[in-house]
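In: generate coordinates for the sequence data below:
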Amino acid sequence: MSSSEQLTEPREESAFAAHFERHRAELQVHCYRMLGSFDDSEDLVQETFLRAWRKRASFGSDGRSSFRAWLYRIATNACLDVLRSRPRRVLPPQVAAAGDPAAPPSPPADLPWLQPYPDRLLEPISSAEDEPGAVVVARETIELAFIAAIQNLPPRQRAVLILRDVLGWSAKDTAALLEASVGAVNSALQRARGTLRDRLGERRTEWAPSSQPSKEERELLRRYVDAHERADADGLAALLLEDARLTMPPHPTWYAGREAILIAMRQGFDPEFGRLRTLVAAANSQPATAHYLRRPGESEYRPLALDVLRIEAGRVAEITSFVFPALFGAFGLPPRL
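Out: Below you'll find the predicted structure:
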């Protein structure tokens, strides 16, 4: 290789990387929807970059694809490669029956758990050369209920649903990306929609919140934080729907109903367990809180769990408490308090 060629390739890679970075955020959200894992979405965006760089000479060979569409093709196929070799991501109700709140929760299980996604990485999403302006992620397409539901779809159905119903691609473009016929794409989309109706219900949109939390939701979140910091089980009870649900991945144990949740929470609020400090956070376009625990005899509060809340009719309908302290950094949360 000549000295001029040695100088040219680093400049070319730098320019290519800068162009790619304009699309990184939206590609990561796409990979997260496909895989249900924040950690995997980071890895797959990097894999997409590497594959795109290696295949850069093929870009535009059909004379039609935009750079953005070309990257989505690569990212989608990279995700499909992963999904062929890994089981789907799950939440506790998919692997165990509701637990007895008077008994200790089951120990953490080594399962492919669904993970939350930090809101700080959602907005604004990148602008595309053929679609100017910031693209806002539709809230209902990133909520945990939606992400959990689409993990039940076979990989190609999942890809079709996301490309057609979430990203708004045409059947023709989706078929080209997946190297399938338009008829096959339309058939897969109908099957995927049917599965989602079964999982989410026809009344799904009635509890889907608006893009911004209301004054009432912010007040509910404040009271939720206060109840945890004061270890106030009765205060927490006032915020829950009667049929509320609490899940705690990676613990397969989960609790159904307000009374069961309160029995379990009273044990967690015991001073012998320690004291909590709680910060407001945001995940999957839903209200969230980050709990830090100071155990007896310690001086620092350490990361404990990230609660993602689903609010319905002014009350908490579901708490998904992710006991994954390693995720706190991705949410921009401090490592200690």
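In: which residues touch residue 42?
Out: residue 28 (CB atoms under 8 Å, 6 or more residues apart in numbering). Heads up, the C-betas are built off the backbone N, CA and C, glycines and all.
In: quick check: pLDDT value at residue 217.
Out: Looking at residue 217, its pLDDT stands at 88.
In: so what does the helix or strand containing residue 255 touch, helix or strand wise?
Out: In this assignment (DSSP states H and E), residue 255 forms part of strand 251-256. For strand 251-256, the packing partners by 3 or more CB pairs under 8 Å, 6 or more residues apart in numbering; DSSP states H and E come out as strand 240-248.
In: now the strand it packs on, how far from the centre of its chain.
Out: 20 Å (CA atoms, centre = their mean, to the nearest Å).
In: stretch 82-96 too?
Out: 14 Å.
In: ends of that stretch, what's the gap?
Out: 26 Å (CA to CA, to the nearest Å).
In: returning to that earlier point: what comes into contact with the strand holding residue 255?
Out: 92-93, 95-96, 98-99, 101, 105-109, 111, 243, 245-248, 261, 264, 323.
In: downstream of the helix or strand hosting residue 223, the next helix or strand is which one?
Out: Using DSSP H and E, residue 223 sits within helix 215-229. Note on helix 215-229: by DSSP H and E, the next helix or strand toward the C-terminus is helix 233-237.
In: quick revisit: which elements pack onto the helix holding residue 223?
Out: helix 233-237, strand 275-283, strand 286-294, strand 302-312, strand 315-322.
In: residue 166: which of those is closest?
Out: For the helices and strands packed on helix 215-229, the distance to residue 166 is smallest for strand 286-294, at 17.1 Å, taking CB to CB.
In: which SS state does residue 111 fall under?
Out: coil (DSSP: H, G, I helix; E, B strand; the rest coil).
In: how about the helices in the protein?
Out: 3-21, 24-35, 38-54, 67-83, 144-150, 155-161, 171-178, 182-200, 204-207, 215-229, 233-237, 258-268 (DSSP state H).
In: I'd like those helices as TSV, with distance to residue 282 appended.
Out: Below are the helices of the chain laid out as TSV (distance: least, CB to CB, whole Å):
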stretch	distance to residue 282
helix 3-21	23
helix 24-35	15
helix 38-54	14
helix 67-83	25
helix 144-150	13
helix 155-161	25
helix 171-178	31
helix 182-200	22
helix 204-207	18
helix 215-229	10
helix 233-237	20
helix 258-268	22
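In: among the ones you listed, which is nearest residue 294?
Out: helix 215-229 (11.2 Å).
In: other residues contacting that closest one?
Out: Taking CB under 8 Å, 6+ apart as the rule, helix 215-229 contacts 209, 213, 232-233, 235-236, 238-239, 276-280, 287, 289, 291, 309, 311, 314-316.
In: so who does residue 47 touch?
Out: Contacts of residue 47 by CB under 8 Å, 6+ apart are residue 78.
In: tell me where the stretch 201-337 of the chain is predicted with low confidence.
Out: Flagging of the stretch 201-337 of the chain using pLDDT under 70 yields the residue ranges 202-213.
In: now do 90
Out: The model of the stretch 201-337 of the chain has pLDDT under 90 over residues 201-217, 267-268, 272-273, 313.
In: what comes up buried for the helix holding residue 223?
Out: 217, 220, 221, 223, 224, 225, 227, 228 (16 or more other CB atoms under 10 Å).
In: before I go, just wanted to say thanks for your time.
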